[in-house]
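Engineer: pasting a predicted model and its sequence here:
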Amino acid sequence: MSTDAGSRRLRLAATGGLTFVALYVVHRVRQGGGPDGADPATVATYNVTHRGALLASEIAVGLALLAFLAFLAPLAPLLWQAGHETLAVALLAAGVLFVAMGFVSLTAETALVAVADSNQPAAISVLNQFQGRVPNVLATAALAAVNGLAALRARLVRRWLGYVSLLAAAVFLLGFIFSVVGSTPEGGPSIFGIAAFIVWMLLVTAGLARVTTETSAGA
């Protein structure tokens, strides 16, 4: 593979990653702070009151997940062609899992908005629990772990970012465990997890963009 081809792929991955982060931030901002409690009446009131903003947030995250494919697709072939076939398959699998869990969560959250004003407390309670417990964080942990290994072994980005990614994977894994054992779908610590995820993605995107710049300058 030529240097120019590799640079183009890294540039596409960086652009896809940055687009994903921007749309994901819109998604989180439009979702707001969420209901003050997990009881069906409180959840229903919040979803009815913020219906427009919540639906806009789901459109944003749907577009973000599509943009994530532009981040993922160029990286797997780069790893494969560099001789890291196992890492390439692992990255592809983790990325597809991440996108799939994102769309499952999107569907559950949209369904919750749809039934919020239907006076069906049982349905509201089930959907609220479901949307809060979709294992997005576990998929994110797998993605961060594979990215960390790719950074350390394939040197797609700087080695320090590989260690940061592995640390992020451990944090996300702990977040998953807490979400499983917790009595409510989401708690205060989830805000810190969201912030950590955004910062991590920005670091990865910046790392890819920097490698692209250095490759172009050295060509």
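Structural biologist: Yep, that arrived.
Engineer: helix or strand with the lowest mean pLDDT in this protein?
Structural biologist: The least trusted helix or strand in the chain, going by mean pLDDT, DSSP states H and E, turns out to be helix 189-218, with a mean of 80.
Engineer: and that helix, which residues are buried?
Structural biologist: Across helix 189-218, burial judged by 16 or more other C-beta atoms under 10 Å covers 190, 193-194, 196-197, 200-201, 203-205, 207-209, 211-212. Backbone N, C-alpha and C define where each C-beta goes, glycine included.
Engineer: show me the two of the residues you listed that sit farthest apart.
Structural biologist: Spatial extent of the buried residues of helix 189-218 (C-beta to C-beta) is set by the pair 190 and 212 at 32.9 Å.
Engineer: residue 78 contacts residue 155, correct?
Structural biologist: No: the pair residue 78 / residue 155 is not scored as a contact, 10.8 Å apart, by C-beta atoms under 8 Å.
Engineer: which residue of these two possesses the greater neighbour count?
Structural biologist: residue 78 (20 against 12; other C-beta atoms under 10 Å).
Engineer: can you tell me the closest non-neighbouring residue to residue 205?
Structural biologist: Closest residue to residue 205 apart from its sequence neighbours, by C-beta to C-beta, 6 or more residues apart in numbering: residue 17 at 3.7 Å.
Engineer: tell me who's in contact with that neighbour.
Structural biologist: Contact analysis of residue 17 by C-beta atoms under 8 Å, 6 or more residues apart in numbering lists 68, 71, 201, 204-205, 208.
Engineer: mind redoing it with 7 Å?
Structural biologist: 71, 201, 204-205, 208 (C-beta atoms under 7 Å, 6 or more residues apart in numbering).
Engineer: quick check: residue 137 vs residue 13, distance?
Structural biologist: As for residue 137, its distance to residue 13 is 23 Å (criterion: C-beta to C-beta, to the nearest Å).
Engineer: what's the average pLDDT for the helix or strand where the residue nearest to residue 205 lies?
Structural biologist: For residue 17, the element it lies in under DSSP states H and E is helix 3-31. For helix 3-31, mean pLDDT rounds to 90.
Engineer: that one: how far from the chain's middle?
Structural biologist: From the chain centre to the centre of helix 3-31 is a distance of 12 Å (C-alpha atoms, centre = their mean, to the nearest Å).
Engineer: now the angle from it to helix 189-218?
Structural biologist: 160 degrees (axes from the mean of the first three to the mean of the last three C-alpha atoms, to 10 degrees).
Engineer: quick revisit: what's the most distant pair in the contacts of residue 17?
Structural biologist: So, those by C-beta to C-beta: farthest apart are 201 and 208, at 10.7 Å.
Engineer: give the closest residue to residue 29 in space, chain neighbours not counted.
Structural biologist: Closest to residue 29 by C-beta to C-beta, 6+ apart is residue 57, at 7.8 Å.
Engineer: next secondary structure after the host helix or strand of the one you found?
Structural biologist: Using DSSP H and E, residue 57 sits within helix 51-72. Of the helices and strands lying after helix 51-72 in sequence (DSSP H and E), the nearest is helix 75-81.
Engineer: so what secondary structure elements neighbour that next one?
Structural biologist: helix 3-31, helix 85-115 (3 or more C-beta pairs under 7 Å, 6 or more residues apart in numbering; DSSP states H and E).
Engineer: and residue 74, what does it touch?
Structural biologist: Counted by C-beta under 7 Å, 6+ apart, residue 74 has contacts 9-10, 12-13.
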